[in-house]
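S.K.: need a 3D model of the sequence below.
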Amino acid sequence: MAKNLISLKVKCPHCDRSLMDHTLFLNAKPSIKVRVDMNGNQGILNLCSTYGCFDKQSSVELVNGEIAKLMCMHCKKELIGKQVCDLCGAPIIDFSVEKGGTVHFCSRVGCEKHYVSFEDIYTTLTSFYQEYDYGARETDF
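M.R.: Okay, here's the model as predicted:
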């Protein structure tokens, strides 16, 4: 992966606590740690926090084509969103981005549908530009 890709810091949309795992790094960045249920087998799943990277590490076997149920490590609530994947019909999982916005991705193992949405694009982009030092002035975007 290129070094300039953005690692998103995410939190639970229910309890607002961080899902970042600073003990397990994927793609040289802290991973995202959640509980996983795969066909009744429960364990821990770490996902790469770099947007567009699909690396992961799981304590249970993730079966390609099956739907994984993800839950918050803290409040244990399911991280399912209100949408379904337009590619395969599986439920979409939602994480809140600490700087604003939501990361959405498909719950079907192997489906690569993912995207980020923002409610207040101006404030969120300003925050991203400041954090990642893109050097943009307010008039640049």
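S.K.: how about stretch 101-111: buried residues?
M.R.: Going by neighbour count (16 or more other C-beta atoms under 10 Å), the buried part of stretch 101-111 is Gly101, Thr102, Val103, His104, Phe105, Cys106, Ser107, Arg108, Val109, Cys111. Using the backbone N, CA and C atoms, a C-beta is placed for each residue, glycine as well.
S.K.: what of stretch 51-62?
M.R.: Quick answer for stretch 51-62 (16+ other C-beta under 10 Å): Lys56, Ser58, Val60, Leu62.
S.K.: tell me which two of these sit farthest apart.
M.R.: Greatest spatial distance among the buried residues of stretch 51-62 (C-beta to C-beta): Lys56 and Val60, at 11.4 Å.
S.K.: overlap of the contact sets of those two?
M.R.: Residues touching both Lys56 and Val60 by C-beta atoms under 8 Å, 6 or more residues apart in numbering: Leu45.
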